[in-house]
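Engineer: Build me a model from this:
(chains A, B, C and D)
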2 protein chains.
Amino acid sequence: MATPSALDRTLAALADPTRRGVVDRLRQRPHPAGELAAAFDMSPPAMSRHLRVLRQTGLVEERIDAEDARVRVYSLRPEPFAALRGWLEEVESFWSGQLGAFKAHAERTRGPKGRRS
Amino acid sequence: MATPSALDRTLAALADPTRRGVVDRLRQRPHPAGELAAAFDMSPPAMSRHLRVLRQTGLVEERIDAEDARVRVYSLRPEPFAALRGWLEEVESFWSGQLGAFKAHAERTRGPKGRRS
DNA sequence: AGACTCGTTAACGTCAGGGTGAATGATTAA
DNA sequence: TTAATCATTCACCCTGACGTTAACGAGTCT
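Structural biologist: Modelled structure (predicted):
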């Protein structure tokens, strides 16, 4: 794949436990980069790279702190999450919408012919 | 992290383009393993490992074909997708639910200095 | 029984991803 | 100006994930 889709990059970004932890933490409030590094017991360079990945997929954005221009404050951006949810709902339409899918689900929950362990 | 959360494993599974492609393909109908390997121009062992990852996260399930017991038919399972959507909606509540978050979004879309009315 | 097919596991090579410490750039404080 | 701080990029190591071929187990067919 020469250029992975935006969805691929979003999922790859969120697959890392540290980055997903950062997202969860940013749900509370925006955080400075250093604060995030400390919170995850990680060197500043390591966190900086994670933040770059999140930034490049548009999941977070960086802003310069108003009171101290050395500090970079990170916060969440909605667009990639919405795109991911769009794909997810498309996949889930496999069940909610279709008759054959419902039958497949019924078969699965009750066992195709004989039940297996 | 000793044991990554189910959500981490789901996201990691979906982050791979091949595996996400498999999921997209299974939306149409269940497929035998060999058919999937051929569809993605990949050796059977490689596809087998992808399917194992998807199986271990509960994203797909394997069944023995009724007419030929050598064939393993794979189909989608709803639970992990629902869990992922649950987390996603939680994250998205960052915007839809909160006052401070709304303010943050407003600031972001129209500039930090707030050149409003 | 023996030959053939489907799919898996085993063994191995390769490469990207994530970690560290050192160096750099920008800003603030003395 | 000089020193200290925040965060980045740079250079490097190292584990883990993905791909291959070969070998194996299970099932079908003649």
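
Engineer: Now do stretch A:30-49: distance to the chain's middle.
Structural biologist: Put simply, stretch A:30-49 sits 18 Å off its chain's centre (CA atoms, centre = their mean, to the nearest Å).

Engineer: Distance across it, terminal residue to terminal residue?
Structural biologist: 18 Å (CA to CA, to the nearest Å).

Engineer: Near chain B, which residues of chain A? Just list them.
Structural biologist: Neighbours of chain B within chain A, by CB under 8 Å from any CB of the partner chain: A:1, A:4-5, A:7-8, A:11-12, A:14-15, A:17, A:20, A:23-24, A:27, A:29-30, A:61, A:63, A:66, A:75-78, A:81-82, A:84-85, A:88-92, A:94-95, A:104-105, A:108, A:112-113. Bear in mind the C-beta positions are built from the backbone N, C-alpha and C, glycine included.

Engineer: Helix or strand for A:Ala12, just tell me which one.
Structural biologist: Element membership of A:Ala12 [criterion: DSSP states H and E] is helix A:6-15.

Engineer: same question, A:Glu67
Structural biologist: Applying DSSP H and E, one finds A:Glu67 in no helix or strand.

Engineer: show me the contacts for the residue positioned nearest the centre of chain A.
Structural biologist: For chain A, the residue sitting closest to the mean C-alpha position, by CA atoms, centre = their mean, is A:Leu14 at 3.5 Å. Contacts for A:Leu14 (CB atoms under 8 Å, 6 or more residues apart in numbering or on different chains) come out as A:Arg20, A:Val23, A:Leu59, A:Leu84, B:Leu11, B:Ala15.

Engineer: Now for those: which two are most distant?
Structural biologist: A:Val23 and B:Ala15 (14.5 Å; CB to CB).

Engineer: which outside residues touch the longest helix anywhere in chain A?
Structural biologist: With secondary structure taken from DSSP state H, chain A has its longest helix at helix A:79-96. Applying CB under 8 Å, 6+ apart, the contact partners of helix A:79-96 are A:6-7, A:10-11, A:14, A:57-59, A:101-102, A:105, B:23-24, B:27, B:76, B:78, B:81-82, B:84-85, B:88-89, B:91-92.
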